[in-house]
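Visitor: Here is my input, please return the structure:
(chains A and B)
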2 protein chains.
Amino acid sequence: MQNLIKKLVNKNDKKIIFCVLDGLGGLPKHGKTELEAANTPNLDKIADASSSGLHLPVARGITPGSGAAHLGLFGYDPLQYEIGRGVLEALGLGIDLGPNDLAIRGNFATVEYRDGNPVVTDRRAGRIPTEENKRIIEKLSSKIDSIEGVKAGFYPGMEHRFVLKLTFPERIPTGGDLINDTDPQETDKSPLIASGENKESEKVAVILNKFITKIAGVIKDEERANYTLLRGISVYPHLDSYEEAYGLKAGCIATYPMYRGVAKLVGMDVLEVKDNSIASEVETLKREIDNYDFIYFHVKKTDSYGEDGDFDAKAGVIEEFDALVPEIMSLKPDVFVVTGDHSTPSTMMAHSWHPVPIMISSAYPRLGKGSGFGEDTCNTGSLGIIKAIEIMPLLLAHADRLKKYGA
Amino acid sequence: MQNLIKKLVNKNDKKIIFCVLDGLGGLPKHGKTELEAANTPNLDKIADASSSGLHLPVARGITPGSGAAHLGLFGYDPLQYEIGRGVLEALGLGIDLGPNDLAIRGNFATVEYRDGNPVVTDRRAGRIPTEENKRIIEKLSSKIDSIEGVKAGFYPGMEHRFVLKLTFPERIPTGGDLINDTDPQETDKSPLIASGENKESEKVAVILNKFITKIAGVIKDEERANYTLLRGISVYPHLDSYEEAYGLKAGCIATYPMYRGVAKLVGMDVLEVKDNSIASEVETLKREIDNYDFIYFHVKKTDSYGEDGDFDAKAGVIEEFDALVPEIMSLKPDVFVVTGDHSTPSTMMAHSWHPVPIMISSAYPRLGKGSGFGEDTCNTGSLGIIKAIEIMPLLLAHADRLKKYGA
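Guide: Got it, this is the predicted structure:
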């Protein structure tokens, strides 16, 4: 489908603003979902003149992570393009990744040497404090630069977690990251040797084992964090950029590293936002809208409060967004979209598989039956239930950015 | 899917009348679409006792051409079977095509010979009058019959356009038409040599170049149209006939050549219609219904007026059709279907991607919420939003023409 879209792309100067309220979809409590309970006069009014419906992030019954859900929203099939754990962890820490980079999630661990062989006694090094982690990472950074032209970057995470980024002199070939985790998953076992499933990944694995040995040498005298176990060894997926896929110059307005990272993966410019407030994001939007065809505008806290089980606070974030909608609409986007990446019902305190409300405001709406913006109304909207990966073709169509298929 | 259907086909004597109002789907103006604004008491009454819904001609957001859209309606995936420009042009001129035929869209052009090489000075030969085109085509027809057993047919189009049909002694193998256009797209350049992407198409290209040289020899003394540029070199797609695919003896009632051509592609008999009026099409239907299991009944003007932006005239054609519906129903078809091939909202003056209303009248309806036949009602119809290629299996089912799958 993406190949077809690429052939049909028609460039023009129409602008699309794509607002993603993370975890927007909900479940009713006292008869109304968070979105339905929120007082949203601005969204309701726009919804009444929009095409609306629900979208399935991945497939029926599938609860997505935010990374997978965002790939879908951006039009890349999350079942085809899997983002590895190492890459996600790196994106989450705000680490830049390119096609030459191998991203690895590391855990500091404790080993004993028996007959010279390391044997894991604690897979998480007693969950060392983050400060201790940072100190060790600095030591590693100062002592280890590169092996055979492959440069190492060490980035501390929380407690025993860190990210190792290995930058190769050349693009890592497809399948070059088919390498096992070295975590034996149990104590009293030796860490596993990294090995590749094919010739290309075996070459990478050989280098990786050399880094493991070198790291062990540097930290062997640490009391707890004297070894590393590596997981989620993965390469940044080769995705067409928004420019290549859709002919769109795209900007990202998001405050959390993971979302900024996924946007960067698809070639969006990640725009500066003063602080974490939605109002600051709108400031950035106003400042930058003229420079872009497409703006991805992300609001995080709907999801956070959903996961906390705080129904009212989630509804409150939606109201906070609604109050800023007139400022967004004053920019006169040709297509204005509001949806979520997935549902996070506060009654479940977790992501869920439920389809997500979406409204598309443009010059070419077909209207539905209900009124206002909510799960119930979207369920009788004119779009019906669509797949997340169908959203981008629809937005391009609504912006007159797709040519006719066939004659 | 077509393979499954083929296995399940159950022949009986039930009749299906499949009415396609070209570009039927619309967008609201003053709250109602063309179909909703039209006064259609007969369709409304039947719709109230029918299964209804909307269909997606190709995919979400994709605006189809009529050829691609009709393939979908007929149950052939338009993304799998693309109809080449040459074939479409030939169908549009009412030229018969078979599996041995290569169809090519030709433009007469003006060249200068520099150092003996042709250089294009006008890619359209100054848009010569159609009469001049006809005279030159007659000259070519009288002077060029065949080369190496490949017969040539020349057919004039409008102004500088014509169709060249090359009939090979044998079926042209798949991929045999992977040949570049010879139009250099710019003046002051030489026409391109035709060359094939593979062994089979290279053989075809060699013959084609011989024809180009021979044509150039015949018309070299013409003042303007002294060369030809060839485009859209394509073979008729090998589609199962309706008889093979569905066990249906099918007839086509359509007045425009392109639709008659696509119907012929899928093995329908193209039936004679006295003039371009819907009433004459109904006369043909009455005369021929006993001879067929399935009748494809096409109305063109809904699309034409949609493209003209004439809301009222489009609604008027729908009313004209509605008035004839009782005559059609008096033939007591077992399944009576009304839909469009795509939407052509008169507010857009163009084809669009919006889903298309469909109603299926049979002995086995599930009813929807609304009343009458229109986009809104179809949006809450019992079928929901289906793909165009799902229509044919549904029609067969409603005609008791599909056996049970599995035990």
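
Visitor: Checking A:Val218 next. Helix, strand or coil?
Guide: helix (DSSP: H, G, I helix; E, B strand; the rest coil).

Visitor: What distance do you get for the closest residue in space to it that isn't next to it in sequence to A:Ile219?
Guide: Once flanking residues are discounted, A:Val218 sits nearest to A:Lys143: 4.8 Å by C-beta to C-beta, 6 or more residues apart in numbering or on different chains. All C-beta atoms are positioned from the backbone trio N, CA, C, and that covers glycine. Going from A:Lys143 to A:Ile219 by C-beta to C-beta, to the nearest Å gives 9 Å.

Visitor: which residues touch whichever residue of the stretch 251-400 of chain A sits closest to chain B?
Guide: The stretch 251-400 of chain A approaches chain B most closely through A:Pro393 (3.1 Å), counting by C-beta to the nearest C-beta. Counting by C-beta atoms under 8 Å, 6 or more residues apart in numbering or on different chains, A:Pro393 makes contact with A:Met1, A:Ile5, A:Gly75, A:Leu402, B:Ala59, B:Arg60, B:Gly61, B:Ile62.

Visitor: quick one: the fifth one and A:Met1 touch, right?
Guide: The one in question is B:Ala59. Yes: the pair B:Ala59 and A:Met1 qualifies as a contact (C-beta atoms under 8 Å) at a distance of 6.6 Å.

Visitor: who has more neighbours, these two?
Guide: Counting neighbours by other C-beta atoms under 10 Å in any protein chain shown for B:Ala59 and for A:Met1 shows that B:Ala59 has the greater number, 20 against 16.

Visitor: And the more buried one, what's its pLDDT?
Guide: With respect to pLDDT, B:Ala59 has a value of 97.

Visitor: Moving C-terminal from the helix or strand where A:Glu320 lies, which element do we reach first?
Guide: A:Glu320 is part of helix A:311-329 when elements are defined by DSSP states H and E. With elements assigned by DSSP H and E, the helix or strand that comes after helix A:311-329 is strand A:335-339.

Visitor: Now do the contacts for the residue of the stretch 151-300 of chain A found nearest chain B.
Guide: Closest residue of the stretch 151-300 of chain A to chain B, C-beta to the nearest C-beta: A:Tyr246 (11.1 Å). A:Tyr246 is in contact with A:Ile5, A:Lys6, A:Val9, A:Gly75, A:Phe294, A:Met392, A:Leu396, A:Arg401, counting by C-beta under 8 Å, 6+ apart.

Visitor: residues near the fourth one, how many?
Guide: Read it as A:Gly75. A:Gly75, neighbours per other C-beta under 10 Å, totals 24.

Visitor: Could you pull out the helices in the stretch 301-407 of chain A for me?
Guide: Assigned by DSSP state H, counting those that start in this stretch, the helices in the stretch 301-407 of chain A fall at A:301-308, A:311-329, A:375-379, A:391-398.

Visitor: any idea of the pLDDT on the residue positioned nearest the centre of chain A?
Guide: The centre of chain A sits closest to A:Gly67, judged by C-alpha atoms, centre = their mean, with a distance of 3.1 Å. Listed pLDDT for A:Gly67 reads 89.

Visitor: Next: A:Leu97.
Guide: For A:Leu97, the predicted pLDDT is 88.

Visitor: nearest residue to it other than its sequence neighbours?
Guide: For A:Leu97, ignoring the flanking residues on the chain, the nearest one in space by C-beta to C-beta, 6+ apart is A:Tyr236 at 4.4 Å.

Visitor: Got the phi and psi for that neighbour?
Guide: phi -50, psi 120 (degrees, to the nearest 10).

Visitor: picking that back up, of the contacts of A:Tyr246, which pair is most distant in space?
Guide: Spatially, the most separated pair among those is A:Lys6 and A:Phe294, at 15.5 Å (C-beta to C-beta).
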